[in-house]
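starting from these lines, generate the structure:
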Amino acid sequence: MKEKSMTSVGILLPHDYRLLSVAAILDVLEAANNIQKATENEKAFNIGLYQIAEPGQQIADSFHGYPVAKIDQENLIDLILIPSFSTNDMKQTIGKNMAYIPWLHQQFRQGAEIGTFCTGAFLLAASGLLNGKVATTHVDACSAFSTSFPDVILRGDKTVTQDGRLFTSGGSTSSFHLLLHLVQKYCGRDVAVKIAKIFAIDMDRHNQSYFSTFQPSRDHNDNIVAMVQQKIEANYQEAETIEELIKDIPSSRRNVLRRFKQITGIPPIEYLQQIRIEAAKKLLEQTNQHMGEVIFSSGYNDPKAFRRIFRKIVGMTPTAYREKFQSN
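Predicted coordinates for the structure are as follows:
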């Protein structure tokens, strides 16, 4: 743990930021300030917000009572936090925020730590600072992330990652786990425990896989890949091998496999497993079918193989998943 002294925190306000993400960051850090001030008569964090100064535009002087500064101003920040994005077009959003990247490099060279929340990891990855580093992001954004940034070591099942001075969190409530991690680093475990109680955060959750919903990529114009996707999704219960599914595709096996992985980010066999496990999850959530029926209806004949693959993809056993998420 660092020696307790005022830590300068810079929270970015990029284009398309998610307000809820910024609010969560401010709320937790301010709570930590209040706790430490009550015991040590000194705040833990000096909080400021930073924004690109657009040509011909003035940035606001403050954001809900917190000062806002231009990123082109001379400043040295200990901890930079990048909130998640609210966007359906991440490529466009990152393009609008490219002006932050030189500044992030400058701050990192000067010793700053950088943390990202949920899809905020996309901006840090676009800077290249995450290349060869471990990271996570929202579970449902993992496929797009790994396709866009193959040099990043993505651990999509993780709630929080730290690699040197770079931190990332998974989606939504995983942001609170990164905030807890940072509070403990800068303020100590006692303050972190108090924060966990205030915000009802489970301190021991390290996995986010079971919140994932497999969402196959459809945003492409490759007819061959689309044909394979359709065949897998229509025949996942009966198909025994990928070769059986692609035998009528008008292309060589090698070409099909290469194009499929290039477009979707995963090989056809993994796509088939994801489709089957997603079907099993729905049955576990929405029905009272016996486990044997769930296994068979999902396309598996071997219960041991089903449980092994389910646990690998989801992060818990089928029985535990049903207990956690069954709706009836």
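
how many other residues sit next to residue 304?
9 (other Cβ atoms under 10 Å). All C-beta spots, glycine's among them, are computed from the backbone N, C-alpha and C.

how much space separates it from residue 41?
Residue 304 sits 60 Å away from residue 41, taking Cβ to Cβ, to the nearest Å as the criterion.

just residue 248 next, same as before
75 Å.

and residue 149, what does it touch?
Counting by Cβ atoms under 8 Å, 6 or more residues apart in numbering, residue 149 touches 122, 125, 126, 130, 131.

hmm, try it at 6 Å
residue 125 (Cβ atoms under 6 Å, 6 or more residues apart in numbering).

got a pLDDT number for it?
Residue 149 carries a pLDDT value of 95.

now do the phi/psi pair for it.
phi -130, psi 70 (degrees, to the nearest 10).

check residue 114 too.
Torsion angles, degrees, to the nearest 10, at residue 114: phi -130, psi 130.

again with residue 59
Dihedral angles for residue 59 - degrees, to the nearest 10 - are phi -80, psi 160.

please report how far it lies from residue 51.
Distance from residue 59 to residue 51, counting by Cβ to Cβ: 5 Å.

mind checking which of those two has more residues around it?
Legend: neighbour count by other Cβ under 10 Å for residue 59 and residue 51, higher for residue 51 (20 against 17).

so what sits against both of residue 59 and residue 51?
residue 68.

what about the residue lying closest to residue 94 once chain neighbours are set aside, how many neighbours?
Using Cβ to Cβ, 6 or more residues apart in numbering and skipping residues adjacent in sequence, the residue nearest residue 94 is residue 126, 5.0 Å away. Applying other Cβ under 10 Å, we find 20 residues neighbouring residue 126.

report the distance from the strand or helix carrying residue 102 to the chain centre.
For residue 102, the host element (DSSP states H and E) is helix 100-109. Helix 100-109 sits 22 Å away from the centroid of its parent chain (Cα atoms, centre = their mean, to the nearest Å).

go on, stretch 84-100?
That offset, for stretch 84-100, works out to 15 Å (Cα atoms, centre = their mean).

and for stretch 97-117?
19 Å.

give me the contact list for it.
14-15, 21, 52, 71, 76-77, 79-84, 123-124, 127, 165-169, 175.

at 8 Å instead, please
For stretch 97-117, using Cβ under 8 Å, 6+ apart, the contacting residues are 10, 12, 14-16, 21, 24-25, 52, 71-72, 76-84, 123-124, 126-127, 129, 135, 137, 165-169, 175, 178, 182.
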